[in-house]
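Peer 1: requesting a structural model of the entry that follows:
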Amino acid sequence: MGAPVHNLESRLKQSSVKVSANAKRHGRHLLSNSIFRYYFLFSILALCFVLGMVILFIGKTAMLMFGQVSLADFFFSFNWSPEEDAFGAAAFIVNTLSLTALTMVIAVPISVGMAVLVAEIAPNWLKTFIRPVLDLLVGIPSIVYGYLGLTVLLPFLRDVSGQGLGDGILAAALVLSLMVLPTICRISDDAIVAVPRKYRDAAYALGSTRLQVIMRVVLPAAGRGIISAVILGMTRAVGETMAVVMVIGNTAQLAKTLFTPSSVLTSNIVMQISNVEFDSTWNYALHMMAFLLLVISFVLILIIRILGRKRRDAA
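Peer 2: Predicted coordinates for the structure are as follows:
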């Protein structure tokens, strides 16, 4: 009788030890989960706070401009002469939109074509080579692209066009195209790879050629992802500064030709912001330009979010 009772007592002790160990482990897990939950919550709140302060500071300073300059004069006048109290930013806005549009016209066909090549046509050894190279190009600082544009592209454009300077919208668009091409290509590549294989198999079963499968099945199915890639490229093109400053000419005038030295919102801000007094209309106008760029970026990102949500709902 003594042995069974002893075995029962030892089992009870072991089970109580296990329960105690499990309780301690569970308590540690709950503590760690709580710590990480509050840490992530703090990170999100800190990010929202910083973003809100940026918007508040830039927006508040920018709105002070309209106490001295009318809305119509700022957005629709092409006369930018701060020394004469003329703060028309229409030329910079038009130049920014023109530069972005020209950049997308150059970069999008090449980027999407490269994405199709990498995702659908290239052999595996070529894919393993191109994708890391594109990832490396994304990480190159913009000042490097600007220096290459200044030392290599501008002399080439002078020789080809016969222009005395060569800088202007075309030079800036070519540099920006090289900068946004890896971004658009890699995101489009991921969108094309994400298209289910059954779509391709069904198209081939109906007798479609490879070109027909790519053009009529794969690209339409990956359309929202490709559009998101293009918008991200536009966001970088709109907000790029240093590379544009080095090749566009930095002249406050409307770009009437591809080789007219001109200026865009970002280049005008970076060239003048350090030379103006804080409590001046000139400074308020530059902050309004920055606020306008911020609004453009927010709108583009919002479009990406809407497209992403539609893509998830369709899936």
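Peer 1: what ranges in the chain fall below the confidence cut-off?
Peer 2: Applying pLDDT under 70 to the chain flags the ranges 1-23, 26-27, 164, 308, 310-315.
Peer 1: could I get the phi/psi values of Phe259?
Peer 2: Here is the backbone geometry of Phe259 (degrees, to the nearest 10): phi -110, psi 20.
Peer 1: ok, now which ones touch it?
Peer 2: 157, 161, 163, 165-170 (C-beta atoms under 8 Å, 6 or more residues apart in numbering). Quick note: C-beta positions are derived from backbone N, CA and C, even for glycine.
Peer 1: in a helix, Val195, correct?
Peer 2: No. Going by DSSP: H, G, I helix; E, B strand; the rest coil, the assignment for Val195 is coil, not a helix.
Peer 1: does it touch Val218 like I think?
Peer 2: Yes. Here Val195 lies in contact with Val218, judged by C-beta atoms under 8 Å, at a distance of 5.4 Å.
Peer 1: who has more neighbours, those two?
Peer 2: Val218 (22 against 18; other C-beta atoms under 10 Å).
Peer 1: residues touching the more buried one, list them.
Peer 2: 116, 120, 192, 195, 199-200.
Peer 1: of these, which is the nearest to Leu258?
Peer 2: Val116 (28.6 Å; C-beta to C-beta).
Peer 1: do I have it right that that closest one meets Ile192?
Peer 2: Yes. Val116 lies in contact with Ile192 (C-beta under 8 Å); the separation is 6.6 Å.
Peer 1: how about stretch 88-100: buried residues?
Peer 2: Buried residues in stretch 88-100, defined by neighbour count with 16 or more other C-beta atoms under 10 Å: 88-93, 95-96, 98-100.
Peer 1: need the overlap of contacts for Val116 and Ile192.
Peer 2: With C-beta under 8 Å, 6+ apart as the test, Val116 and Ile192 both reach 218-219.
Peer 1: next one: Val230 from Ala191, what distance?
Peer 2: Per C-beta to C-beta, to the nearest Å, Val230 is found 11 Å from Ala191.
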